[in-house]
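Engineer: Got a predicted structure here, sequence first:
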Amino acid sequence: MGLDEDALDYHREEPPGKLEISTTKPTNTQRDLSLAYSPGVAAPCEEIAADPKKAYDYTAKGNLVGVVSDGSAVLGLGDIGAQASKPVMEGKGVLFKRFADIDVFDIELDQDDTDGFVDAVAAMEPTFGGINLEDISAPECFEIEDRLSERMDIPVFHDDQHGTAIITGAALLNALDIADKDIEDVEVTFSGAGAAATATARFYVSLGVKRENITMVDIGGILTEERAAAGELNHHHEEFTRDVPEGDVADAMEGADVFVGLSVGGIVSQEMVRSMADNPIIFAMANPEPEIGYEEAKSARDDDVIVATGRSDYPNQVNNVLCFPFLFRGALDVRATDINEDMKRAAARALADLARQDVPDAVRKAYGGQTLQFGPEYIIPKPTDTRVLFEVSSAVAEAAVASGVAREEIDLDTYRERLEARLGRGREMMRTVLNKAKSDPKRVALGDGDDEKMIRAAAQMEDEGVADPVLIGERDAVEDTVADLDLDFDPDVVDPAHRDTETYAERLHELRKRKGVTRREAEELVRKDPNYLGSVMVEQGDADALLTGLTNHYPDALRPPLQVVGTEPDSDHVAGVYLLAFDDRVVFCADTTVNREPDEDVLAEVAQHTASLARRFDVDPRVAMLSYSDFGSVDTEGTEKPRAAARRLREDPEVDFSVDGEMQADTAVVEDILRGTYEFSDLDGPANVLVFPNLEAGNIGYKLLQRLGGADAIGPMLVGMDEPVHVLQRGDEVKDIVNLAGVAVVDAQDEE
C-alpha cells in the first residue's frame, strides 16, 4: 500500500479527521451541568461583560489559536480552495497541540476578496487568543497580515512568511559562526521572491545582514532597479532591488556567501556552488526536491559547505514546527497584543543557542542513534527536542514583556517551570527536587566516570548547578571525550591509576577483613572497581553521594555500596523505588529492584523508607500493602505477610502516615472501591505509595503502569542506605542520571 492510500486510511478512520473537542471540567452530575451551562454560566458571562479582559480568566480564549486559510497557496498543491485545505489546517492544529499544548479551531474561509477575508477574521477576535494565517497566496498575504495586525488586539502571524525566516535565521547565525564570517559582511542570494523569501530577507536584515548585500531572483531574473522602473515588480519587491545588471540565479550566486532557496527544485548546479565564496552556506528549501541535493552540494567543492534543506532524511532540516507552536506559546502566556520583531529575533537566537547544547539521548534515539553535535551537520535543533518548548517560548515571552506588547508580567524562572510541567507530571515532580538540589549542591561521585553518558550528565549537572560531580575513571579518556564533545566543562576526575588510593584501600580492608578481603585484594578493588572506590569515598566523607551502575548488572553495582556504606541505623534492608507520574496523580512503586521474597519485617521497612522518599517530593504518603486479596478475603502465607506488615505499621506510634492492607491494586487506587466497599480503611484517599508483595510483582507492576498507563518514570531510587547511594539501570539516559543526582543531593542535604 502506497503512502497516499495510507494517508487516506489515516484520515477517514473513525472518527474522520484529526481533531475533536474534549471537556476540561467534570460533566458527570446535574450540578456539573448546571455550572457548565444554565443557570451557572450566567455568572462568568456577567463578569466578562463588565470587564472583557476576564475572558482570559473564565474561558479557553487564552490558549486558543485560530488557524485561518483560504486555501489559495497550499504547500505543494497550490490554489486548491478553502474546503480542500481543511486537512492541512487540521494538521496544523495537531502540531500546535502536540508540541506546545495549544488548542486550535481551524477556519477555512471561502473568500477570495481581501476586504471580505480581513473583515471575517477580524470579527472573530473575541474567540481567539491569537491568529495563525496559513497558505494564503502572495502578495495578498502581506496586506492581509498587515491589516489584521493593525485591527486586532491579539497576535497575528503568517507562518509561511515568518516561520521559515525565524528558523533559517537561527541556522544562519550558527552557520556564520562555524564558517567564521561576519553577518554584516556576507553577500546573500535568494532564489524566489514570494512571501517566504521576502519575509526571510527582511528578517535577515533585522539580524544584521546589510540590505544592499542581498540579491533576490524571481522567475524573471535578478530584482533590479531597471525591472522595477519598468513596472515588472510589486512594491514588496522594491526594497530588495539592486542597481546591477540583469541576470539569473547563476549570476546572482557568483561570489555569494549564502544561498537561500525558496523556489523550485533542481535549479542549482554544482558549478554554481563552486562559484560561491569560500566555505559557502546553502539553504535549499524547495520541497520535496530542493534546489540542489544535500550530497550534491556537499561534494561540489573541497572546502566546508554547510547545507540545510526542508527534508527530514538529511541533516539540518528546516521545519516550521520548530517555530510557530513555541512562538505562540510565549505570546499567549503573556497575553501579547502582537508578535513583533523583538519576539522573532528572540525565538531565532534561542533556537541557535539550543543547537549548541548537549542533545538529549531521547532525541538521538529518535534519529537512529546519530551523533548529534553542534557543527556543520547540526546547526538547528531537531523538532523532537522537547527543550524547544521552554527555551523558545520563555525567550519569546521575555521579549514581549521587554518590548511592551505583553499585558501580563512573568517571573522567568517560574514561567520556565510552568512550561516544563506541560511536558509531563514527571518533569514537574523532578523540578521540585532539582530546585532543592540547586539550593545547596553536594559533591556526587560518579562511577563509570569515563563513559560518554556519564560525562555528558556531569557537564549538565555542573551547568545547571544541581551537583558538584566527581568522575571516577581514566583521566585521559574523560578529557578526550570532553574535547570530542566540545563541552564547556572542566571535569573533576578521580583516576585510580594516578591517585593515591592507599587510604581508601586501608579503609576497605578494615571494613571487609572479616569477610575474607585481604589487604592486597582491597587495593585491587579500589583501583579497578569504581563501585568500591566510590563507596569508600562516600563512607569517608570525601563525596556526599554516589551514582553508579550505568555499565553493570544492578546486583553487581549494588553489592559494593551495601558492603561499604551499609544500611541506615535501625534498618536492615534497602529497596528500589520508581516514581510514576500520570496526568492526574503520582505513585511510588516499591520494591522494584532489590528484595526477591520479602517477609513482613522487610515490607514494613520498605514502606517506611518509601514514605520518607515521597515526602522529599512534597507528597503526603498514603501507603497500600498490595496483594491479590482484600483485607483477609484470602488467607494464605502470601497474603498474611503484607497484612501483618500493615498491622505492625498502624500500631507503631512513630509511624506518621496512613497505611493499610493487604489490598488489591484497584482497591488501593480507585476511591470509589476504597470508600464504597471498604469504608473502614485507614487510608484517607487513594494510595500513592504501592508496596508490592515481592520483587517479581513489583517489577512487573511498575513496568505495566509505565508502558500501558503512559506514565513518566523516575528511578530506580535506592532507599534505606546509610549515605546517599543510587544505582542506575543499564541503558539509562543522561536525563535519568541528572535526575538521580538531584535526588542524591537532596538525600545528602537531609543527612546534614
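Structural biologist: Received it, and whenever you're ready, just let me know what you need.
Engineer: Every contact and neighbour count from this point should use C-alpha atoms.
Structural biologist: Fine.
Engineer: For the stretch 251-400 of the chain, just list every one of the strands.
Structural biologist: 258-261, 281-284, 306-309 (DSSP state E, counting those that start in this stretch).
Engineer: can you redo the ones you listed as TSV with mean pLDDT and mean neighbour count?
Structural biologist: Shown next, in TSV, are the strands of the stretch 251-400 of the chain (pLDDT from 0 to 100; neighbours: other Cα atoms under 10 Å):
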stretch	mean pLDDT	mean neighbour count
strand 258-261	96	24
strand 281-284	96	28
strand 306-309	94	28
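Engineer: Adding distance to residue 522, write these out as CSV.
Structural biologist: Formatted as CSV, the strands of the stretch 251-400 of the chain follow (distance: least, Cα to Cα, whole Å):
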stretch, distance to residue 522
strand 258-261, 62
strand 281-284, 58
strand 306-309, 54
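Engineer: Tell me which residue lies farthest from the centre of the chain.
Structural biologist: Centroid-distance maximum for the chain: residue 230 at 51.7 Å, with Cα atoms, centre = their mean.
Engineer: Please report the confidence value the model assigns to that residue.
Structural biologist: Note on residue 230: pLDDT of 83.
Engineer: Dump stretch 451-467 to CSV, restricted to CA.
Structural biologist: Presented in CSV, the C-alpha positions along stretch 451-467 are these (Å, rounded to 0.1, in the frame of the first residue of the first chain):
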residue,chain,number,x,y,z
ASP,A,451,31.5,6.7,30.0
GLU,A,452,30.3,9.3,27.5
LYS,A,453,26.8,9.5,29.0
MET,A,454,28.2,10.0,32.5
ILE,A,455,30.5,12.7,31.3
ARG,A,456,27.6,14.5,29.5
ALA,A,457,25.5,14.1,32.6
ALA,A,458,28.3,15.6,34.8
ALA,A,459,28.6,18.6,32.5
GLN,A,460,24.9,19.2,32.7
MET,A,461,24.8,18.8,36.5
GLU,A,462,27.5,21.4,36.8
ASP,A,463,26.0,23.8,34.2
GLU,A,464,22.6,23.7,36.0
GLY,A,465,24.0,23.8,39.4
VAL,A,466,22.4,20.6,40.5
ALA,A,467,25.6,19.0,41.9
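Engineer: gap between the spatially most central residue of the chain and residue 725?
Structural biologist: Nearest to the geometric centre of the chain sits residue 386, at 1.9 Å (Cα atoms, centre = their mean). Going from residue 386 to residue 725 by Cα to Cα, to the nearest Å gives 29 Å.
Engineer: same check, this time on residue 316
Structural biologist: As for residue 316, its distance to residue 725 is 41 Å (criterion: Cα to Cα).
Engineer: Looking only at neighbour counts, state which of these two leads.
Structural biologist: residue 725 (32 against 24; other Cα atoms under 10 Å).
Engineer: Which residues does the more buried one form beta bridges with?
Structural biologist: Beta bridges link residue 725 to residue 546, judged by DSSP bridges.
Engineer: For stretch 237-250, which outside residues touch it?
Structural biologist: For stretch 237-250, the surrounding residues in contact (Cα atoms under 8 Å, 6 or more residues apart in numbering) are 191, 193, 198, 211-212, 214-217, 220-226, 228, 268, 272.
Engineer: What helices and strands are in contact with the longest helix anywhere in the chain?
Structural biologist: Across the chain, the longest stretch assigned as helix under DSSP state H is helix 159-179. With contacts taken as 3 or more Cα pairs under 8 Å, 6 or more residues apart in numbering; DSSP states H and E, helix 159-179 sits against helix 195-207, helix 341-355.
Engineer: burial measure for the closest residue to residue 613 other than its chain neighbours, as a count.
Structural biologist: Nearest residue to residue 613 in three dimensions, chain neighbours excluded: residue 719, at 7.4 Å (Cα to Cα, 6 or more residues apart in numbering). Neighbours of residue 719 under the rule other Cα under 10 Å: 27.
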